[in-house]
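[1] model this:
(one chain, ligands or ions: 1)
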Amino acid sequence: MRCQNCGCELEKKITDLPFKITHDSIIIIKKLPVLQCQNCNEYLIEDPVMKKVENILCKVDKTAELEILSYAAV
Ligand SMILES: [Zn+2]
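    Below you'll find the model as predicted:
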């Protein structure tokens, strides 16, 4: 798959990403598998991974200001 931004080859990477779910609530998901561009660092989350992320974000405590979860643990 190629980068939507610059057209370079994307590389599979494991990274930690923050997701803002409400105005003052942020969830950090650790060890998330993404595709990242080697050229411009733009990243892409594949559909099955994004579905799982959405599931995680639905279940988290939205009253917490910051929560850190591991993708592998859910
Ligand atoms: Zn790129």
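
[2] Show me which residues of the chain are close to the ion?
    Residues of the chain lying close to the ion (Cβ under 5 Å from the ion) are 3, 5-6, 8, 37, 39-40, 42. (Glycine included, C-beta is placed from N, CA and C.)

[3] so where does the closest residue to L66 other than its chain neighbours fall, helix or strand?
    Leaving aside its sequence neighbours, L66 sits nearest to I26 (Cβ to Cβ, 6 or more residues apart in numbering; 5.3 Å). Using DSSP states H and E, I26 sits within strand 25-37.

[4] Look at the residue nearest to the spatial centre of the chain and give its secondary structure.
    The residue lying closest to the centre of the chain (Cα atoms, centre = their mean) is L17, at 4.8 Å. Following DSSP: H, G, I helix; E, B strand; the rest coil, the label given to L17 is strand.

[5] how about it, what does it touch?
    By Cβ atoms under 8 Å, 6 or more residues apart in numbering, the contact list for L17 reads 28-29, 32, 34.

[6] redo that, cut-off 7 Å
    Contacts for L17 (Cβ atoms under 7 Å, 6 or more residues apart in numbering) come out as 29, 32.

[7] Tell me the spacing between it and L44.
    Plainly put, L17 is 12 Å away from L44 if you go by Cβ to Cβ, to the nearest Å.

[8] can you count the residues close to A64?
    Look at A64: counted by other Cβ atoms under 10 Å, it has 13 neighbours.

[9] dump the residue contacts of it.
    S25.

[10] same thing but 10 Å
    21, 24-27 (Cβ atoms under 10 Å, 6 or more residues apart in numbering).

[11] which among those end up buried?
    Buried members of these, counted by 16 or more other Cβ atoms under 10 Å: 25, 27.
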